[in-house]
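Asker: Fold the following.
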Amino acid sequence: MTGYFSLVLHTHMPYLRKNGAWPVGEDWLYQAMSETYLPLLGMLAQLDNEDISSCMGITMTPVLCEQLADRYIQDRFIEYLKVMAEHTASDIKDFEYFSDDKRKALGEAYFEDYRRKLLAFVAIDGDLLGALSSFEQSGLVETIASSATHAFLPGLTDWRSVRAQVLLGLESHRRRFGVNPAGFWMPECAYREGLEDLLESEGVRYVLIDPSALQGLPSTYPHYVGSSRVAAIARSERAHRNAWDEHTGYPADDLYKDSTKYYQGSGLHYWKVTGPNVSIENKEIYEPVPAQARAFDHARHFIKAIAEELRAAPASPGNGAGAGAKPVVLASYDTEFLGHGWKEGIYWLEIILRSLARSEGIRMTTPSRYLEQNPPSTSTTLGLTTWGTNKDDSTWINPETAWMWEALGETQKTLFGLEDFRRGSALENRALEQAAREVLLLETSDWPYMVAKNRAKDYSIERFCAHLERFREIAGMLEKGDIDKLESMLGEIEETDNIFAQLDLETIFGRGIPPEEGN
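Answerer: Residues are numbered from 1 along each chain as shown. Next up, the predicted model:
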């Protein structure tokens, strides 16, 4: 055996429930559920029936889990699938009128797809998390924890905020999946000094990092972080680039479905990429069979690249128990990239996993199982890097987002200044809990990212300002003692931002944790 391959999918969406619908809002979540989460679970069900094991690690951020477990979201998703089927039926009528047989066939495939997805979702009573948990129990996947609302942890000025994000994330994971997570996904692969000690105290055994954090150490082997026994496993830059690169990655191929051109009314995709810089008017109609054949070719190319990277890996560094360890190539992607972003992505992934399950030269594994057999033999100080554009924090912290970080810092300071209200009335405690929820939602890394990348920028600013205003309203009424007005407006805010209903203020405020600890 040459070495190991480990896949980690990072599943995350910001809090969208009752905060807008289309084009950015709840529909964004429903698209991911329809195009990625349900098809991925369907693929896992097939692999599980074939007794394949240890095929991937998968992160489920608590902020996403809160929404997927919400009956309101589940009911709305059922309506979404029905509406999309209706839109598809309308498309089919259009194509019949225009004698467009190619697009009519695609429309009929869409219609059948929505019908099957509706049946599958109802069959599991909308419990996507329960379905995933069953695959963990069978040994097919390993779930990985993350911070509460996917905060960019290096940007939080108060260590108490970092601690709250981490502890709430771990508590949520244990409650949702019934396991103590072995791994922790640092949002944006952004390391912050001191995290390893906090995670180790909670029983976490590994984190995933960008290879730049290793500062030249071999990225095909794990390394302990500092003096802790938390291992750092780096993702493969080559595997990432092969699939993800905007210009040369697999999804840019001419034969794949183009996700930028929409049919009027339904918003569905009927065209293929066609070629670089081809205008929308000149796109060709999508053809599923050649696209699937190309996905097979790309899966074969991907596996070949893994084998080459393993063969090129240096000998295991260091001494001790980990000496002589086999190398690992860890590929990591946003889960929504597959299916939602790259329409053929889940089919491509299925080919890879089936092929590697039968490979004699490459053993497929999860991060924790790899570490059981190949513990680190070296320790290192991680660089303060990310998987962002420049491998630093500039994707999130920059002149365009400076006002957001300034406002967030002031808000965190105000929240911790309200701690005395924990000893107040039941209403004051309820208000303090909601104030903490608004801060957690403000800390989401998506808002500065969307501003910096100019992706739904107006929506992200609107969301940030809305949570900021809700927090200020609650804090102001607490400080003024305006109890009657507080009670009348609190219910509406709680219904809109009802994340973490079981929020424990002890997790937010801690027990005498000094603000500078861990900094």
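Asker: May I have the residues that are in contact with residue 311?
Answerer: Applying C-beta atoms under 8 Å, 6 or more residues apart in numbering, we find residue 311 in contact with residue 2. C-beta: built from backbone N, CA, C; applies to glycine.
Asker: could you say which helix or strand contains it?
Answerer: helix 288-312 (DSSP states H and E).
Asker: Give me the packing partners of the lowest-mean-pLDDT helix or strand in the chain, helices and strands only.
Answerer: Using mean pLDDT, DSSP states H and E, helix 483-496 stands out as the lowest-scoring helix or strand of the chain, at a mean of 88. Counting contacts by 3 or more C-beta pairs under 8 Å, 6 or more residues apart in numbering; DSSP states H and E, helix 483-496 packs against helix 426-442, helix 457-480.
Asker: Comparing the ones you listed, which comes out most buried?
Answerer: Each of the helices and strands packed on helix 483-496 was assessed for mean neighbour count using mean count of other C-beta atoms under 10 Å. The highest is helix 426-442, with a mean of 21.
Asker: any idea which helix or strand comes after that one?
Answerer: helix 446-452.
Asker: so where is this protein shaky, pLDDT-wise?
Answerer: 318-323, 511-519 (pLDDT under 70).
Asker: Quickly list the domain ranges of the chain.
Answerer: 3-253+314-380, 402-509 (automatic domain parsing).
Asker: Any idea which of the ones you listed gets closest to residue 308?
Answerer: domain 3-253+314-380 (8.5 Å; C-beta to C-beta).
Asker: what's the distance between the helix holding residue 311 and the middle of its chain?
Answerer: 24 Å (C-alpha atoms, centre = their mean, to the nearest Å).
Asker: buried stuff in that helix?
Answerer: 288, 291, 294-295, 298-299, 302-303, 305-307, 309-310 (16 or more other C-beta atoms under 10 Å).
Asker: what element comes up after it heading to the C-terminus?
Answerer: strand 328-334.
Asker: centre of the chain versus the next helix or strand after that following strand, how much separation?
Answerer: As assigned by DSSP H and E, the chain's next helix or strand after strand 328-334 is helix 345-357. Distance of helix 345-357 from the chain centroid (C-alpha atoms, centre = their mean) equals 20 Å.
Asker: Adjacent strands (with direction) for the very next helix or strand once past helix 345-357?
Answerer: Using DSSP H and E, the helix or strand that follows helix 345-357 in sequence is strand 362-365. Strand 362-365 has the following strand partners under DSSP bridges: strand 3-11 (parallel).
Asker: okay if I get the domains of the chain as JSON lines plus distance to residue 264?
Answerer: As requested, these are exported to JSON lines (distance: least, C-beta to C-beta, whole Å):
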{"stretch": "domain 3-253+314-380", "distance to residue 264": "9"}
{"stretch": "domain 402-509", "distance to residue 264": "21"}
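Asker: quick one, which of those is packed in tightest?
Answerer: Of the domains of the chain, domain 3-253+314-380 is the most buried (mean count of other C-beta under 10 Å), at a mean of 19.
Asker: Off-centre distance for that one?
Answerer: With C-alpha atoms, centre = their mean, you get 6 Å for domain 3-253+314-380.
Asker: Just the endpoints, please. Distance across that domain?
Answerer: 23 Å (C-alpha to C-alpha, to the nearest Å).
Asker: go on, stretch 30-38?
Answerer: 10 Å.
Asker: swap in stretch 356-375?
Answerer: With C-alpha to C-alpha, one end of stretch 356-375 sits 23 Å from the other.
Asker: longest helix of this structure?
Answerer: In the chain, assigned by DSSP state H, the helix with the most residues is helix 71-97.
Asker: what's in contact with the helix or strand just after it?
Answerer: Per DSSP H and E, helix 71-97 leads on to helix 101-123 as the next helix or strand towards the C-terminus. Identification of contacts with helix 101-123 by C-beta under 8 Å, 6+ apart yields 34, 38, 42, 74, 77-78, 81-82, 84-85, 88-89, 91-92, 95-96, 268, 270, 285-288.
Asker: Residue 62 against residue 175, yeah?
Answerer: No. In this structure residue 62 lies outside contact range of residue 175 using C-beta atoms under 8 Å: 9.2 Å.
Asker: Contact partners for the closest residue to residue 425 other than its chain neighbours?
Answerer: Counting by C-beta to C-beta, 6 or more residues apart in numbering, residue 425 lies nearest to residue 483, which is 7.7 Å off, once chain neighbours are set aside. By C-beta under 8 Å, 6+ apart, residue 483 lies in contact with 425, 427-428, 477.
Asker: now with 10 Å?
Answerer: 424-425, 427-428, 431, 477 (C-beta atoms under 10 Å, 6 or more residues apart in numbering).
Asker: Redo those residues as JSON lines? Include distance to residue 25.
Answerer: Converted to JSON lines, these look like this (distance: C-beta to C-beta, whole Å):
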{"residue": "424", "distance to residue 25": "35"}
{"residue": "425", "distance to residue 25": "35"}
{"residue": "427", "distance to residue 25": "31"}
{"residue": "428", "distance to residue 25": "32"}
{"residue": "431", "distance to residue 25": "26"}
{"residue": "477", "distance to residue 25": "28"}
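Asker: just those now: which is nearest residue 236?
Answerer: For the contacts of residue 483, the nearest to residue 236 is residue 431 (47.1 Å; C-beta to C-beta).
Asker: Against residue 494, how distant is the closest one?
Answerer: 10 Å (C-beta to C-beta, to the nearest Å).
Asker: before we move on, what about residue 356?
Answerer: Counting by C-beta to C-beta, the gap from residue 356 to residue 494 is 47 Å.
Asker: what's the answer for residue 301, then?
Answerer: For residue 301, the distance to residue 494 - C-beta to C-beta - is 51 Å.
Asker: And residue 32, by the same measure?
Answerer: Where residue 494 is concerned, residue 32 sits at a distance of 25 Å (C-beta to C-beta).
Asker: ditto for residue 389
Answerer: Taking C-beta to C-beta, one finds residue 389 at 37 Å from residue 494.
Asker: ok, now residue 26?
Answerer: 18 Å.
Asker: what's the span of stretch 54-73, first residue to last?
Answerer: Stretch 54-73: ends 30 Å apart by C-alpha to C-alpha.
Asker: Name the residues that touch the helix or strand just after the least confident helix or strand of the chain?
Answerer: Downstream of helix 483-496, the next assigned helix or strand under DSSP H and E is helix 505-509. For helix 505-509, the external contacting residues (C-beta under 10 Å, 6+ apart) are 148, 160-161, 163-168, 170-171, 415-416, 418-419, 421-422, 429, 432-433, 435-437, 439-440, 500.
Asker: Now residue 133: closest residue in space that isn't a chain neighbour?
Answerer: Here the residue nearest residue 133, using C-beta to C-beta, 6+ apart, is residue 177, at 5.2 Å.
Asker: backbone phi and psi for the one you found, please?
Answerer: Phi and psi for residue 177, reported as degrees, to the nearest 10, are phi -110, psi -10.
Asker: quick one: it from residue 62, how far?
Answerer: 11 Å.
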